[in-house]
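Asker: Quick one, fold the following:
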Amino acid sequence: MKRQSVRRSVIFVSFLLFPITIYYLSPVLSLSGAYYGILSGSCIVFGFLFFSSFLFGRGFSAWLCPAGGLQESYSIVGNNKRFHLGWKNWIKYVLWIPWFSSIVVLFVLSAGKKQIQFFY
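Answerer: Alright, predicted model coming up:
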């Protein structure tokens, strides 16, 4: 029981930090930084979250993911029905692949101005 209370506390803090996290994951920040040849904090935070999810798998979603706090609070209020999305599950690729590809292309095209700024 203690482990679940620790997990809920960590996920609640992560949920409270969600406005900061969502700011750093803004597509506008990533694209504008890549356009000027800057590896922005948005790309760094996104990369950390992305690779952490691969490294820790479902443990990441259960313990650290900022959106996990939103899901956790919804599960208390809502029902626990599972949704079968079918083809709608592929929508994420329609969004992620162009975004990631355009960041890479803009960063490559901005030859010469390569720098890292975490707060950009």
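
Asker: going forward, measure contacts and count neighbours with C-alpha atoms only.
Answerer: Fine.

Asker: what does the strand or helix carrying residue 92 contact?
Answerer: According to DSSP states H and E, residue 92 maps onto helix 91-109. Helix 91-109 is contacted by residues 27, 30-31, 34-38 when judged by C-alpha atoms under 8 Å, 6 or more residues apart in numbering.

Asker: And the next helix or strand past it?
Answerer: With DSSP H and E, the next secondary element past helix 91-109 is strand 115-117.

Asker: Could you list every helix and strand in contact with that next one?
Answerer: Judged by 3 or more C-alpha pairs under 8 Å, 6 or more residues apart in numbering; DSSP states H and E, strand 115-117 is in contact with strand 38-40.

Asker: Go again with 10 Å.
Answerer: helix 27-35, strand 38-40, helix 41-56 (3 or more C-alpha pairs under 10 Å, 6 or more residues apart in numbering; DSSP states H and E).

Asker: pLDDT (mean, whole number) over that strand?
Answerer: Regarding strand 115-117, the rounded mean pLDDT is 83.

Asker: circling back: turn the helices and strands packed on strand 115-117 into TSV, columns for distance to residue 119, mean neighbour count and mean pLDDT.
Answerer: Shown next, in TSV, are the helices and strands packed on strand 115-117 (distance: least, C-alpha to C-alpha, whole Å; neighbours: other C-alpha atoms under 10 Å; pLDDT from 0 to 100):
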stretch	distance to residue 119	mean neighbour count	mean pLDDT
helix 27-35	10	20	83
strand 38-40	7	22	85
helix 41-56	6	16	79
